[in-house]
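can't give you the sequence, but here's the structure:
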């Protein structure tokens, strides 16, 4: 097996500036969300950071996973095990 030398990663000033700007945006969003949650109570409705759906401040892990499943297109509901679904529409 051929071995190669480790790849060198170079960090540029543009990369650090982009990282800092994204970090500031995320911190601002987090601060905004915390202010909305602390000021509105349990009935406050806020939009997720990715904008995929709506969640309340009293959201549970189940609803979070449902939002994620919906966003990626995963449908965990099993299909009924009937003959047409198992074998298709076979005709003899």
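Noted; the coordinates are in hand. Computed from a prediction, not measured in an experiment: that's the story for all the values here. Numbers count the residues shown, from 1 in each chain.

show me where this structure has strands.
45-47, 54-56 (DSSP state E).

quick one: residue 28 and residue 11, what's the gap?
24 Å (Cβ to Cβ, to the nearest Å). For every residue, glycine as well, the C-beta is placed using N, CA and C.

wait, residue 73
36 Å.

One more: residue 1?
Taken as Cβ to Cβ, the span from residue 1 to residue 11 is 30 Å.

the more surrounded of those two?
Taking other Cβ atoms under 10 Å, residue 1 and residue 11 do not tie; residue 11 has more neighbours (8 against 2).

just the helices in the chain please.
In the chain, the segments counted as helices under DSSP state H are 13-40, 61-72, 83-87.

So for residue 7, which of these sits nearest?
helix 13-40 (16.0 Å; Cβ to Cβ).

tell me what the closest one is packed against?
Identification of packing neighbours for helix 13-40 by 3 or more Cβ pairs under 8 Å, 6 or more residues apart in numbering; DSSP states H and E yields strand 45-47.

Just list the residues touching residue 14, thanks.
Contacts for residue 14 (Cβ atoms under 8 Å, 6 or more residues apart in numbering) come out as none.

any idea how far it lies from residue 1?
According to Cβ to Cβ, residue 14 stands 37 Å off from residue 1.

now do residue 9
For residue 9, the distance to residue 1 - Cβ to Cβ - is 23 Å.
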